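Trainee: Next comes the sequence, and after it the predicted model I'd like to discuss.
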Amino acid sequence: MPLDELDPLIRRAIAREVEEGLPAVEGLEGRVIRQLAQPAPRPSWRRRASAAIAQPRIRLGWALAGGVAILAVGVLIGRFSFLGGNPLPSAGANLFTVAAPGAKEVSVVGDFSAWQPINLFDHDGDGVWTVTVALPPGRYEYAFVVDGRWVGQDPRAAEYVRTFGEYVSVRYIGGEGL
Amino acid sequence: MRGLAVAVALLTVGAVAQVPLAPAPTSEEVLQFLQGMPISAALKASLAPLLGAGLATGRATPAVSLPFLRELATLPPPQAEEALSVVYRALERGFMVDALMNDVLKVLKMGQPWEAVMTNLRIRSNLLVASQQVLIQYDIVGVGPQGPGGPLLPQDRLVVEMAWAVGDFVLSQPREPLEAFVRSRFQKLRGSVLEPSLVDPLLTALTPELVEQIARQAYGPIL
């Protein structure tokens, strides 16, 4: 078929399609407006929660403040109810940390615990063992025990004291010794 | 869900981040443990009231006394009695004895032989007596109650810290002179362990002669 005959055929076919579809289009605008006027069905709480998390609308400052508040509540829980402990007055958090890759058991011993071991932990497996002990102001002698081996020189110590060839580290908490 | 997980993680980190020290035992527990120790009845009878008075006045604390007695209970009775006799004499003179007991625990924890434990204990005990005598002589502290039952005074801590500073020097033999070592120690203690009003007169009066007079008595017979 020559192209100049094909073109009118196509035009007629399109016109017929449009005519047949008109009843479906009639009143479409009204139907859309009515639908919009109706209250939207309330999504389930799971859907709402996921939407809120996926598209957060909280400002960064508020988010940080909330995080700090939650952390503070956690610290208070730890301070006042952890294993029925006896928090000391005006105690401060003191971080004891030692690098001991591959170690199985690491503890800190010191005069603050009558040289009884307090375990350190390496939660993320990076070889750095830590524990935070609540201590009041004072001068404290301590050492780490790594798999039974005495590690008396902590790089974070204020000074070292040597007794019978072994070292202990010393930390001053509060006062001018800090 | 991500936010909830972060909140739970923060709560957990906060809650477990600080390890409070173990709850301190009571004085009664300490005295009860002493009665069960395998040492002579005579020593128990003489030590119990002194230790009781020391615990009541703060010269000894249950948190140190109980681990100390527990550790001694694992040793042969003659060794336990030897160490307890030194603590007994210190309590009798009204000294604070936590530092003495802690030093026994420290040297034992280091795995040192018993001779080292006792050498250290004798040095510390001698230096307690010498520090008190010399600080009184120089009018830095008053005479005080000189007994186990009197009230604990701030100067009692000063005497202990002087004894320990000189003792650390004697045992570790650092390169700096004794007077500089002791002065540096008290400058660090000022405000954290000791009130500035207590330390400042000492720092003013501190001389090489004063500290050497104390150190000379370290290795003598038990005072």
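Mentor: That came through, no problem.
Trainee: is stretch A:107-123 anywhere near chain B?
Mentor: Yes. Using C-beta under 8 Å from any C-beta of the partner chain, stretch A:107-123 reaches chain B at A:109, A:111-116, A:118. The way it works is simple: take the backbone N, C-alpha and C, and place the C-beta from them, glycine included.
Trainee: Any stretches of the chain with poor pLDDT?
Mentor: Using chain A. A:1-4, A:6, A:17-18, A:20-42, A:49, A:52-61, A:63-64, A:66-68, A:70-91, A:175-178 (pLDDT under 70).
Trainee: oops, I was thinking of chain B
Mentor: In chain B, residues with pLDDT under 70: B:1-21, B:145-146, B:222-223.
Trainee: what residues are up against the residue most central in space within it?
Mentor: Centrality entry for chain B: nearest residue to the mean C-alpha point is B:Ala99, 1.1 Å, by C-alpha atoms, centre = their mean. B:Ala99 makes contact with A:111, B:124, B:160, B:163-164 under the criterion C-beta atoms under 8 Å, 6 or more residues apart in numbering or on different chains.
Trainee: looking at the residues you listed, which has the most residues close by?
Mentor: Most neighbours among these, by other C-beta atoms under 10 Å in any protein chain shown: B:Ala163, with 27 neighbours.
Trainee: And chain B, is stretch A:125-145 touching that?
Mentor: Yes. Stretch A:125-145 reaches chain B (C-beta under 8 Å from any C-beta) through A:131-135, A:137-139, A:141.
Trainee: could you pull out the strands for chain A?
Mentor: Using DSSP state E, the strands assigned to chain A run over residues A:92-99, A:106-110, A:118-119, A:128-135, A:138-146, A:149-151, A:159-163, A:166-173.
Trainee: Tell me the helices and strands packed up against the last one.
Mentor: Packed against strand A:166-173, as judged by 3 or more C-beta pairs under 8 Å, 6 or more residues apart in numbering or on different chains; DSSP states H and E, are the following elements: strand A:92-99, strand A:138-146, strand A:159-163.
Trainee: Show me the contact partners of the first one.
Mentor: What it means is strand A:92-99. A:106, A:108, A:118, A:120, A:127-137, A:142, A:144, A:146, A:151, A:154, A:156, A:171, A:173-174, B:17-18.
Trainee: Likewise for the longest one?
Mentor: Outside strand A:138-146, the residues within contact range by C-beta under 8 Å, 6+ apart are A:96, A:98, A:100, A:103, A:105-112, A:117, A:120, A:150-152, A:154, A:161, A:166-174, A:177, B:106, B:188-189, B:192-193.
Trainee: partners of it in the sheet?
Mentor: Here strand A:138-146 has these sheet partners by DSSP bridges: strand A:106-110 (antiparallel), strand A:149-151 (antiparallel), strand A:166-173 (antiparallel).
Trainee: Then the last one?
Mentor: Strand partners for strand A:159-163, identified by DSSP bridges, are recorded as strand A:166-173 (antiparallel).
Trainee: CA atoms of the strand it pairs with as PDB?
Mentor: Extracted in PDB, the C-alpha atoms of strand A:166-173 (Å, rounded to 0.1, in the frame of the first residue of the first chain):
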ATOM      1  CA  GLU A 166      58.100  -4.600  88.600                       C
ATOM      2  CA  TYR A 167      56.400  -1.400  87.600                       C
ATOM      3  CA  VAL A 168      53.000  -0.100  88.600                       C
ATOM      4  CA  SER A 169      51.300   2.800  86.900                       C
ATOM      5  CA  VAL A 170      50.000   5.800  88.800                       C
ATOM      6  CA  ARG A 171      47.100   8.000  88.000                       C
ATOM      7  CA  TYR A 172      46.000  11.100  89.800                       C
ATOM      8  CA  ILE A 173      42.300  11.900  89.600                       C
END
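Trainee: tell me the angle of that strand relative to strand A:128-135?
Mentor: 50 degrees (axes from the mean of the first three to the mean of the last three C-alpha atoms, to 10 degrees).
Trainee: ok, residues contacting strand A:166-173?
Mentor: Contacts of strand A:166-173 (C-beta under 8 Å, 6+ apart): A:92, A:94, A:110, A:135-143, A:150, A:152-154, A:156-161, A:178, B:106, B:110, B:112, B:188-189, B:192.
Trainee: ok, so what distance separates the residue nearest to the centre of chain B from B:Ser27?
Mentor: Per C-beta to C-beta, to the nearest Å, B:Ala99 is found 19 Å from B:Ser27.
Trainee: can you check B:Leu153 too?
Mentor: In terms of C-beta to C-beta, B:Leu153 sits 20 Å off from B:Ser27.
Trainee: More neighbours: the two, which one.
Mentor: B:Ser27 (18 against 15).
Trainee: list the contacts for the more buried one?
Mentor: B:52, B:55-56, B:62.
Trainee: now B:Ala163
Mentor: Counted by C-beta under 8 Å, 6+ apart, B:Ala163 has contacts B:99, B:124, B:127-128, B:130-131, B:214.
Trainee: now whichever helix in chain B runs longest, how far from the centre of its chain.
Mentor: Using DSSP state H, we find that the single longest helix of chain B is helix B:114-137. Centroid separation between helix B:114-137 and its chain, computed with C-alpha atoms, centre = their mean, to the nearest Å, is 11 Å.
Trainee: Tell me the buried residues in the helix or strand B:Pro49 falls within?
Mentor: B:Pro49 is part of helix B:41-57 when elements are defined by DSSP states H and E. Buried residues in helix B:41-57, counted by 16 or more other C-beta atoms under 10 Å in any protein chain shown: B:43-44, B:47, B:50-55, B:57.
Trainee: Return whichever strand or helix holds B:Leu210 as PDB; C-alpha atoms alone will do.
Mentor: If you go by DSSP H and E, B:Leu210 is part of helix B:208-215. Provided in PDB are the C-alpha atoms of helix B:208-215 (Å, rounded to 0.1, in the frame of the first residue of the first chain):
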ATOM      1  CA  PRO B 208      66.700  17.600 101.700                       C
ATOM      2  CA  GLU B 209      67.600  17.100 105.400                       C
ATOM      3  CA  LEU B 210      63.900  16.600 106.400                       C
ATOM      4  CA  VAL B 211      63.300  13.800 103.900                       C
ATOM      5  CA  GLU B 212      66.700  12.200 104.400                       C
ATOM      6  CA  GLN B 213      66.100  12.000 108.100                       C
ATOM      7  CA  ILE B 214      63.000   9.900 107.300                       C
ATOM      8  CA  ALA B 215      64.600   7.800 104.600                       C
END
